[in-house]
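# Need coordinates for the following:
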Amino acid sequence: MSTAIGPPTGSLTEAVASASTEPTPAIAPLPQRWVLNPSNSVQAADLAAAARIPLVIAELLIGRGIESASEASRFLNPHIEHLCDPFQMLGMTAAVERLELALQRRETILLYGDYDVDGTTAVVLLKTAIEMLAGPNGSQVRFHVPHRLREGYGMQSSVLEAAAADGVGLAISVDTGMRAFTEAALARRLGLDLIITDHHLPEAGEAIPDALAILNPNQPGCGYPEKSLCGAAIAFKLAIAVLSRRDPVRTTEKTIPSFLKMVALATVADAVPLKGENRVMAALGIRELHRPAGLGLRALFQAAGVDPAIKPLTSFDLGFRLAPRINAAGRMDIAAEVVELFTTRDNARASLLAEKLERLNAERRQTEADMLLQIERRLATDQSMARQKMVVMAGEGWHRGIIGILASRIVDRTAKPAIVVSVEDGVAYGSGRSIDGFPLLEAIETCADLYTRFGGHAFAVGFAMPSENLPEMERRLYSFAAQKLAGREAEQMLRMHAELPLERVTPVLGEWLRKMEPFGHGNAEPVFLARNLRLAAPVRMMKEKHIRLELHAEAAIGALAPMKAVGWNLAQRAHDLQLASGSLIDAAYRIRENDHPQYGGQQIELAGIRPASE
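Numbers count the residues shown, from 1 in each chain. Model prediction:
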């Protein structure tokens, strides 16, 4: 691997020792703080009675801001009628009218996407919709998905110039363009109409590009009620708006359910909050994904080992099995092949492309593991970095397709916002991820004059700049973090959503919890607290890292069979607590259904354990 760039003295331009065969030092474990959400038992009881739901479900809904029976019904039973009218979005009428004009004129239309799940699925949605409207002899649809390493994020003037020279009359961006001021001005000079569909935040000061129309709920003056749509969802809104003008009944009954499959995949993969309209689209889309009709989807499911006929799909399957394989194309090779995968009508081609994504994902995992070794060594040994409120780390030649994932890994390990930078031929490419309460886009905007391009939102950013600007960027970011996070210590917070004794864990409750899915950002899977649990048997170790326990509620010993529990990566914790048969503990846990032939049935998954006396 390459030499890491990093600051024994604080400067990102000083090289430190490269990876070696020496064991990676252990990163000091972060303190864990257990936090139980406050409970209003009277309000929960009232909601439970009014909505006819279990008390603990009422507590969970109140914690999500849902306080009436009608709101609870809407949350637990998402329906297509809960989707917002696309024409509530500022710019939608102008965008639809221009797209309809292009179809009438049989113009060639360019879709300009992005290389992640959100961007590629957005291209698939709009391409499919336009081709449905155009028919075999109508407008031709081209698409451009940038190569991450050769072009980087964002629109490129050269692509628009080539399109205009080739007779393209309309360009539509998806999941990009909100800061494409230069490109929008160029399009106007070229006579190329540009519609921007994007979900990223506008530039500070709320300036927006001079495009024919912009579809973004975050732009100034837009009254669309759901502000946190992903890029594919906004492309979906445009597609549905134009399709519904042609055939409203078919659009509602057939097209929307079909398109929501891609929207759900993008919504989960892009980690937008799973509440409001996002929750509706994700829930309905996952329901439709149980019947994957397209050749590409079926091939992807097979490559990922996902079979909804055997086990119902969850947001976990989308976020951790399907999405990484799609993203692998943009990270390691050519993301445009994802669009081909989802639009091909050749079964052999679909299988070949899905197999390629599988290989690329395996390559991505190995590259990530190699780079993570260097990062963990730096985190464990660099005391100057440990004193900072955020982590900024760079490496010469680090794979640019992986640095965003690595930033997420640093956040997981340090509970600090993190930026990882790859330096190549004098250019620094960065990707960042954040924590609650730290607006990462606002942080990098303090360095706007240092970048050649940058963008993102509160939790994720990307940028490029001359590598000689790294020390100044580091100085400003560390100063910004010191102010924003003053008095806040890095710690792993274990948030529990409700207290639930083990004797109340039943299959019926499990069914109610499934109605709260999909879980993810903004709709966290519930973690419960159970106190005074006694180990009914010795701890069973699995692969020296994991544990299995049998737990009795202290008040119900003898009345109920012990509850089976699994604890991933809790072996060291169990050893530190000297757990043995008869030990008394508190447990933070999630409810699970295990389909293993030996350990099947309802069980709990431990999120944390502590002595019952704490």
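# what pLDDT, on average, does stretch 337-350 get?
Per-residue pLDDT over stretch 337-350 has a mean of 95.
# can you count the residues close to L126?
The number of residues packed near L126 is 25, by other Cβ atoms under 10 Å. Every C-beta, even on glycine, is put in place using the N, C-alpha and C of the backbone.
# again, but for A386
The number of residues packed near A386 is 15, by other Cβ under 10 Å.
# per-residue confidence for the closest residue in space to it that isn't next to it in sequence?
Using Cβ to Cβ, 6 or more residues apart in numbering and skipping the chain neighbours, the partner closest in space to A386 is L379 (7.7 Å). Looking at L379, its pLDDT reads 92.
# Next, the buried residues of the strand or helix carrying L379.
Element membership of L379, judged by DSSP states H and E, is helix 347-381. Across helix 347-381, burial judged by 16 or more other Cβ atoms under 10 Å covers 350-351, 353-354, 356-358, 360-361, 363-364, 367-368, 371-372, 374-379.
# picking that back up, please report how far the residue nearest to A386 lies from V392.
12 Å (Cβ to Cβ, to the nearest Å).
# before we move on, what about T446?
From T446 to V392 the distance is 13 Å (Cβ to Cβ).
# any shared contact partners between those two?
Common neighbours of T446 and V392, using Cβ atoms under 8 Å, 6 or more residues apart in numbering, are L477.
# between these two, which one's more packed in?
V392 (24 against 13).
# Checking the residue nearest the centre of the chain next. Helix, strand or coil?
For the chain, the residue sitting closest to the mean C-alpha position, by Cα atoms, centre = their mean, is A271 at 2.6 Å. Using DSSP: H, G, I helix; E, B strand; the rest coil, the structure places A271 in coil.
# Pretty sure it sits against F459.
Yes. If you go by Cβ atoms under 8 Å, A271 and F459 touch, sitting 7.4 Å apart.
# pLDDT (mean, whole number) over stretch 30-38?
Rounded mean pLDDT across stretch 30-38 is 89.
# That one spans what distance, first to last residue?
With Cα to Cα, to the nearest Å as the measure, stretch 30-38 spans 24 Å from end to end.
# how far does it sit from the chain's center?
Relative to its parent chain, stretch 30-38 has a centroid offset of 24 Å by Cα atoms, centre = their mean, to the nearest Å.
# Could I get the buried residue list for that stretch?
When neighbours are counted by 16+ other Cβ under 10 Å, the buried residues of stretch 30-38 are found to be 34, 37.
# just stretch 90-105 next, same as before
Quick answer for stretch 90-105 (16+ other Cβ under 10 Å): 90-92, 95-96, 98-99, 102-103.
# ok, so of these, who is nearest L318?
Proximity of the buried residues of stretch 90-105 to L318 (Cβ to Cβ) peaks at M92, which lies at 27.3 Å.
# wait, the closest one sits on A239?
No. Taking contacts as Cβ under 8 Å, M92 lies outside contact range of A239: 11.4 Å.
# quick one: contacts for the closest residue to P518 other than its chain neighbours?
Nearest in space to P518, with sequence neighbours left out and distances taken as Cβ to Cβ, 6+ apart, is S315 at 3.6 Å. Contacts for S315 (Cβ under 8 Å, 6+ apart) come out as 268, 274, 282, 286, 517-520.
# quick one: the strands in the stretch 251-400 of the chain?
With DSSP state E, counting those that start in this stretch as the criterion, the stretch 251-400 of the chain has strands at 391-396.
# Low-confidence stretches in it?
For the stretch 251-400 of the chain, no stretch is flagged by pLDDT under 70.
# Show me what the helix or strand encompassing R573 is in contact with.
Using DSSP H and E, R573 sits within helix 571-576. The contact list for helix 571-576, computed with Cβ under 8 Å, 6+ apart, reads 539, 541-542, 544-547, 567, 608-609.
# which element follows it toward the C-terminus?
Downstream of helix 571-576 (by DSSP H and E), the next one is strand 584-594.
# May I see the buried residues of that following strand?
Buried residues in strand 584-594 (16+ other Cβ under 10 Å): 585-589, 591.
# just stretch 127-136 next, same as before
Neighbour-count burial for stretch 127-136 [16+ other Cβ under 10 Å]: 127-134.
# nearest to E67, of the residues you listed?
Closest approach between the buried residues of stretch 127-136 and E67, by Cβ to Cβ: A129, at 37.9 Å.
# How about the contacts made by the closest one?
The neighbours of A129, taking Cβ under 8 Å, 6+ apart as the test, are 238-240, 242-243, 255, 259.
# and what of R413?
27, 376, 379.
# Same question for I208.
178, 202, 214, 219-220.
# Would you mind checking which of those the model is least sure about?
The lowest pLDDT within the contacts of I208 belongs to P202, with 84.
# Distance check, that residue against Q572.
47 Å.
# Between these two, which is the more surrounded one?
Between P202 and Q572, P202 has the larger neighbour count (other Cβ under 10 Å), namely 17 against 12.
# and that one, that's in a helix?
No. Counting by three-state DSSP, P202 is not part of a helix but coil.
# phi, psi of it?
Per-residue torsions, P202: phi -70, psi 170 (degrees, to the nearest 10).
# check contacts around it.
178-179, 208, 216, 218-220.
# now, the most widely separated pair of those residues?
R179 and P220 (14.3 Å).
# Can you pick out the residue with more neighbours from the two?
Per other Cβ under 10 Å, whichever of R179 and P220 has more neighbours is R179, with 23 against 11.
# Now for the more buried one: which residues touch it?
Listed by Cβ under 8 Å, 6+ apart, the contact partners of R179 are 154, 200, 202-203, 209, 453, 455.
# Model confidence for it, exactly?
At R179, the model reports a pLDDT of 88.
# Where does the prediction get shaky in the chain?
Filtered on pLDDT under 70, the chain yields the residue ranges 1-26, 28, 204, 555-559, 596-600, 614.
# D595 and G601, how far apart?
Distance of D595 to G601, computed by Cβ to Cβ: 9 Å.
# I'd say L83 and E277 touch.
Yes. Using Cβ under 8 Å, L83 is in contact with E277, at 6.4 Å.
# for P466, phi and psi?
According to degrees, to the nearest 10, the main-chain angles of P466 amount to phi -60, psi 140.
# For it, list each beta-bridge partner.
Counting by DSSP bridges, P466 forms beta bridges with V427.
# quick one: contacts for it?
By Cβ under 8 Å, 6+ apart, the contact list for P466 reads 426-428, 452.
# Write a PyMOL command that selects only the buried members of those.
Restricted to buried positions by 16+ other Cβ under 10 Å, the PyMOL selection for those reads:
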select buried, resi 428
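# out of the contacts of P466, which one sits closest to E468?
G426 (7.8 Å).
# Name the nearest residue to that closest one, ignoring sequence neighbours.
In space, and not counting its chain neighbours, G426 is closest to S467: 5.3 Å by Cβ to Cβ, 6+ apart.
# Just to be sure, V168 is in a strand?
No. Counting by three-state DSSP, V168 is not part of a strand but coil.
# if we can go back for a sec, how far away is the residue nearest to P518 from L295?
Taking Cβ to Cβ, one finds S315 at 24 Å from L295.
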